[in-house]
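Novice: no sequence on this one, just coordinates:
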């Protein structure tokens, strides 16, 4: 029997783009649970943002945070891991880059040279004004561990200049929709996915399916055995580089997610 391993983005994928509901995905989540197929969350969200959401999802599997910066593995899982991991309470932690404090300290050097405002410079009220987040969500979003988002107020060429300055320190800048994110050069959704796949491969061959809807999911999708682009009501589907076999769902968000998971379970003869 094929051992399937699911990797999924959240917003716009497992969660509805507008309402953040996962209700249409519940039947497929239930199927994965009954078949003991791990479903790994791979998101830009922080550890603290995921704690409550995982309770709502009844999520018991590993999860990847802050765009591939770290993997959290519940200690309750009997996975064979051939390296020493950091103890993080109920979880084992595998980090792919420096801690946030290092990023803040490094970027302090450039505050007089470039115009930017980091999360570290903001109160939760500031973040609420910039993003429209509610108070509770804004407070959780500020509790980052491995990345430091910046509200970039300078030119694109200045951003490239800062990238060059930070490169020798093994720090990259990923430009998002609203913020530019300081993070370790090896922090990447695809790297984190492949590392976790190698952990599961200790007990047999693994087929991976990755589901996402955005540009920051493309690395993960391109490295999966089955790449799935979830159709979005807000933007055109991104093209997965060098993959002509990517699936594109008919339905949006979690409804499309269920469609793709069911298709994979049938194709792999798991149901």
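Specialist: That came through fine. Everything numeric in this text was worked out from a predicted model, so none of it was measured.
Novice: ok, the nearest residue to residue 167 once chain neighbours are set aside - contacts?
Specialist: Spatially, and ignoring its direct neighbours in sequence, residue 167 is nearest to residue 185 (7.7 Å; CB to CB, 6 or more residues apart in numbering). In this view, the C-beta of every residue, glycine as well, is placed from N, C-alpha and C. Contacts for residue 185 (CB atoms under 8 Å, 6 or more residues apart in numbering) come out as 97, 167, 170, 171, 172.
Novice: count of residues packed around the third one?
Specialist: Residue 170 is flanked by 11 other residues according to other CB atoms under 10 Å.
Novice: got the contact list for it?
Specialist: Contacts of residue 170 by CB under 8 Å, 6+ apart are 97, 98, 184, 185, 186.
Novice: Restricted to helices, list these.
Specialist: Using DSSP state H, no member of those sits in helices.
Novice: how is the chain carved up into domains?
Specialist: Per automatic domain parsing, the structural domains of the chain span 3-96+188-267, 100-184.
Novice: out of the ones you listed, deepest packed?
Specialist: domain 3-96+188-267 (a mean of 18; mean count of other CB atoms under 10 Å).
Novice: tell me the average confidence for it?
Specialist: Average pLDDT, domain 3-96+188-267: 95.
Novice: what separates it from the chain centre, distance-wise?
Specialist: Offset of domain 3-96+188-267 from its chain centre (CA atoms, centre = their mean, to the nearest Å): 8 Å.
Novice: Which residue ranges of this structure form strands?
Specialist: 3-8, 39-42, 63-65, 70-74, 86-88, 91-95, 116-118, 148-152, 171-175, 180-184, 206-212, 226-231, 247-252 (DSSP state E).
Novice: Pipe those into TSV and attach distance to residue 48 per row.
Specialist: Putting these into TSV (distance: least, CB to CB, whole Å) gives the following:
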stretch	distance to residue 48
strand 3-8	19
strand 39-42	14
strand 63-65	9
strand 70-74	11
strand 86-88	12
strand 91-95	13
strand 116-118	18
strand 148-152	15
strand 171-175	20
strand 180-184	17
strand 206-212	22
strand 226-231	25
strand 247-252	28
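Novice: could you pull out the helices for the stretch 51-200 of the chain?
Specialist: 100-108, 124-131, 135-141, 156-166, 189-200 (DSSP state H, counting those that start in this stretch).
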